[in-house]
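A.B. asks: Mind looking at a prediction? Sequence and model below.
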Amino acid sequence: MRVIEVAAFGGPEVLTLTEAPEPAPRPGEVLVEVSVADVLWVETAIRRGAGGDHFPVVPPYRPGVGVAGIVGAVGEGVDPAWVGRRIVTRTDERGGYLERAAVPVDGVLPVPDEVTLPDAAALLHDGVTAMGLLDLVPLRADDRVLITAAAGGLGALLVQQARAAGAYVVAAARGAAKRAAAYRLGADLAVDYADPGWTGLVRAATGGLDVVLDGAGGGYGRAAFGLLCDGGWFSAHGTPAGGFAVPDVDTARGRGINVLSIADVQFGPERRRRYLRAALEAAAAGRLRPLIGQTFPLHRAAEAHRAIEDRSVVGKTLLTV
């Protein structure tokens, strides 16, 4: 089968299409015929060798950690009724940029008829994080909420959820296309990081924030923290702008600010399944809509990574197989 592998850290060109032996499901596993592979921004950092302690991956390795597709075969002890079903699943160390994957059946979730396989793949990780964050952060009606990286895969889901909770939603992103996407998703105000006065616009519109959900990190996240009112909530779960913007512990404590880090959204298997199921159900009911900006065929995985790193993409990036 075809699979993307990484022999050494480097630029997008190190994503190499190669042939690998056909996988076969072992007892307790199903064989997935992959239709769509999830692509995460953090995978571009890992590929460059910048995963650090949070994502200690060592080459050679297979990138990608989740797929959506159709069960083609089952291993011993698995109900044969799974064959032919549309599913979504993590693939973890098996890699996700590939044509077929044998995975444990207890990690597989069926995709509702109302949800497309691309949407299911888009929810596999971002949907879990979005549902988990809104489980951890007690959003209330009329809360003033800032979401950075608001036009990304995760940010788009958080904008919709915060809006549905009755919050006043401020979306921060870069460029006119991303601001327009945030407004379509329901943001009350969308600001551009390229505007040096963006924090002033947020403060003028809100008077201060109750919640910051920071998917950007770096200087953007640190600036967003400065907009929080005492007693607010700050989640530092993103790094595209230059590392997690985790605030100084003493400063946050002194102001009564509740801080979440990336560790708080690294959920165990049971919670991941619960949150993914909730995200799929919300999508099936029309309450949650993934923002898929672009797809690339498997053999163009390097182009997918390059587009993400160039910040030229709006919404989620996926690979089609």
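C.D. replies: On my side now, so go ahead.

A.B. asks: where are the low-confidence patches of the protein?
C.D. replies: Filtered on pLDDT under 70, the chain yields no residues whatsoever.

A.B. asks: List phi and psi for Gly197.
C.D. replies: Backbone torsions for Gly197, taken as degrees, to the nearest 10, come to phi -100, psi 20.

A.B. asks: Same check on the one 3 residues further on?
C.D. replies: Per-residue torsions, Gly200: phi -60, psi -40 (degrees, to the nearest 10).

A.B. asks: longest single helix anywhere in this structure?
C.D. replies: Secondary structure assigned by DSSP state H gives helix 269-284 as the longest helix of the chain.

A.B. asks: buried stuff in the helix or strand that it is followed by?
C.D. replies: Next in sequence after helix 269-284, counting helices and strands by DSSP states H and E, comes strand 292-297. Across strand 292-297, burial judged by 16 or more other CB atoms under 10 Å covers 292-296. (C-beta placed from N, C-alpha, C; glycine too.)

A.B. asks: list the buried ones in stretch 74-94?
C.D. replies: Residues of stretch 74-94 classed as buried: 74-75, 78, 82, 86-91, 94 (neighbour count, 16+ other CB under 10 Å).

A.B. asks: all helices for the chain, in order.
C.D. replies: Assignment of helices within the chain using DSSP H yields the ranges 41-48, 117-123, 126-136, 153-164, 176-185, 198-206, 218-225, 249-254, 269-284, 301-309.

A.B. asks: re the thing from before, out of the buried residues of strand 292-297, who's nearest Val169?
C.D. replies: For the buried residues of strand 292-297, the closest approach to Val169 (CB to CB) belongs to Gly293, at 19.8 Å.

A.B. asks: centroid residue for this protein?
C.D. replies: Asp126 (3.1 Å; CA atoms, centre = their mean).

A.B. asks: Tell me which residues touch Ala241, please.
C.D. replies: For Ala241, the contact set (CB atoms under 8 Å, 6 or more residues apart in numbering) comprises 216-221.
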